[in-house]
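[1] based on what follows, work out the 3D shape:
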Amino acid sequence: MDLNLHSPERQLIELKIEHADLNALVDLTAHALPIDEILLRRLKKRRLQLRDQISKLELLLDPPEPA
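    I've put the predicted structure just below:
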């Protein structure tokens, strides 16, 4: 599979990597003392945005079968 820099497949891979990185960062931030609530909220919001983008790209690349 030829993945150029702007292909949807490449974007999906990059978004999944960023989402995984954010998961790790959210875990670290949640267990750090003192907890930075504002930072944690921003990280979680960004993680949700990434999850939405990933879902949209996955639907674009593999649309559901008609019933």
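[2] which element is the residue lying closest to residue 51 once chain neighbours are set aside on?
    Setting aside the residues directly before and after it, residue 51 is nearest to residue 19 in space (C-beta to C-beta, 6 or more residues apart in numbering), at 6.4 Å. No exception for glycine: its C-beta is placed from N, CA and C like everyone else's. Taking DSSP states H and E as the criterion, residue 19 maps to helix 8-31.
[3] wait, the residue nearest to residue 51 touches residue 49, no?
    No: in this structure, residue 19 is not within contact of residue 49 by C-beta atoms under 8 Å, at 9.7 Å.
[4] so which elements touch the helix or strand following the helix holding residue 19?
    Using DSSP H and E, the helix or strand that follows helix 8-31 in sequence is helix 37-61. Applying 3 or more C-beta pairs under 8 Å, 6 or more residues apart in numbering; DSSP states H and E, we find helix 37-61 packed against helix 8-31.
[5] show me which residues of the helix it packs on are buried.
    Residues of helix 8-31 classed as buried by neighbour count (16 or more other C-beta atoms under 10 Å): 11-12, 15, 19, 22, 26, 29.
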